[in-house]
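Participant: here are the coordinates; sequence isn't available:
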């Protein structure tokens, strides 16, 4: 099942994208895709509800804006340097254990919303990433049981302002959390939709030019390891999102480095998770 949310910003409704690409409004199910939904077997309950109610759901036009496919989660946890070649292009060693940082949830926007270059930014960069959604509360979880806590997967562009992130004192979060820096979607694909999340092609184009083209088989740390590791330090709640890192090909790693400018277009996608497209705008 593919979960979507659609409508004007701040007034999104829950929906489902069917196998043939048709989008339907599931508002009459009575729940949005939030912590309660994911933590109360909402995916299974919605599937069962659709068996008898799908035909009566209104269709959603493809012209309607898509929002982020889940209600703002309690946490958006990111993993840094989780592809060996990306660590190399960043001039950093392959980590011995996962590198964790937070991205402010206020950065979350819809998959095709504009990305806004922050005020005083000169080094806004792109990062295509596979993210996963927590479906069951996770605290001190073993690797063996970790996948029981994953509800599904979603495409994420982890936009980053490299000067804020690396050249200013403090933690990476400053360069990761600017408004519009976390477009998610177009949809959350439930776990049964993705046979092997560790063998997915992912790509990103800048103005039509392929910049990133890799596969999640290059992970340094796989998803069970990440769920288990993160849960040793914090409780992951249903609906929380974990982004698994980006492959090589970011602007920071080019020689010379290349960053985003107003008027640029960024397109990205992952096998089974669709694609998204953001137009780059200047802060006003």
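Facilitator: Yep, that arrived. This one's a predicted model, so the numbers in the text were calculated from it and none came from an experiment. Residues are numbered from 1 along each chain as shown.
Participant: where do the helices sit along the protein?
Facilitator: 35-39, 42-53, 84-89, 162, 173-176, 223-230 (DSSP state H).
Participant: So for the fifth one, mean pLDDT?
Facilitator: Mean pLDDT, computed over helix 173-176, is 96.
Participant: for residue 179, what are its contacts?
Facilitator: The contact partners of residue 179, by C-beta atoms under 8 Å, 6 or more residues apart in numbering, come to 106, 107, 109, 116, 118. Every residue, glycine included, has its C-beta placed from N, CA and C.
Participant: If we go by neighbour counts, what in the helix or strand of the chain with the lowest mean pLDDT is buried?
Facilitator: Ranked by mean pLDDT, DSSP states H and E, the weakest helix or strand in the chain is helix 84-89, scoring a mean of 80. For helix 84-89, burial by neighbour count (16 or more other C-beta atoms under 10 Å) applies to 86, 87, 89.
Participant: Looking at these, spot the one nearest residue 204.
Facilitator: Closest approach to residue 204 among the buried residues of helix 84-89 (C-beta to C-beta): residue 86, at 12.2 Å.
Participant: Now that closest one: closest residue in space, sequence neighbours ignored.
Facilitator: Computed as C-beta to C-beta, 6 or more residues apart in numbering, the closest residue to residue 86 that is not its neighbour in sequence is residue 248, at 4.8 Å.
Participant: quick one: which of the helices of the chain is nearest residue 236?
Facilitator: Among the helices of the chain, the nearest to residue 236 by C-beta to C-beta is helix 223-230 (6.2 Å).
Participant: pLDDT score for the residue nearest in space to the middle of the chain?
Facilitator: For the chain, residue 156 is the residue whose C-alpha lies nearest the centre (C-alpha atoms, centre = their mean; 2.8 Å). For residue 156, the pLDDT comes out at 98.
Participant: what's the answer for residue 70, then?
Facilitator: 98.
Participant: same question, residue 44
Facilitator: pLDDT for residue 44: 98.
Participant: Need the buried ones from the contacts of residue 179 selected in PyMOL.
Facilitator: Buried residues among the contacts of residue 179 (16+ other C-beta under 10 Å), as a PyMOL selection:
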select buried, resi 107+109+116+118
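Participant: Now distance to residue 189 and pLDDT too, for the contacts of residue 179, in CSV please.
Facilitator: Listed next are the contacts of residue 179 as CSV, based on distance: C-beta to C-beta, whole Å; pLDDT from 0 to 100:
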residue, distance to residue 189, pLDDT
106, 25, 98
107, 22, 98
109, 19, 98
116, 27, 98
118, 31, 97
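Participant: and residue 72, what is it in contact with?
Facilitator: Applying C-beta under 8 Å, 6+ apart, the residues contacting residue 72 are 105, 106, 108.
Participant: where does the protein dip in pLDDT?
Facilitator: Along the chain, no part satisfies pLDDT under 70.
Participant: what pairs with the residue nearest to the centre of the chain across the strands?
Facilitator: Residue 156 has these beta-bridge partners by DSSP bridges: residue 129, residue 184.
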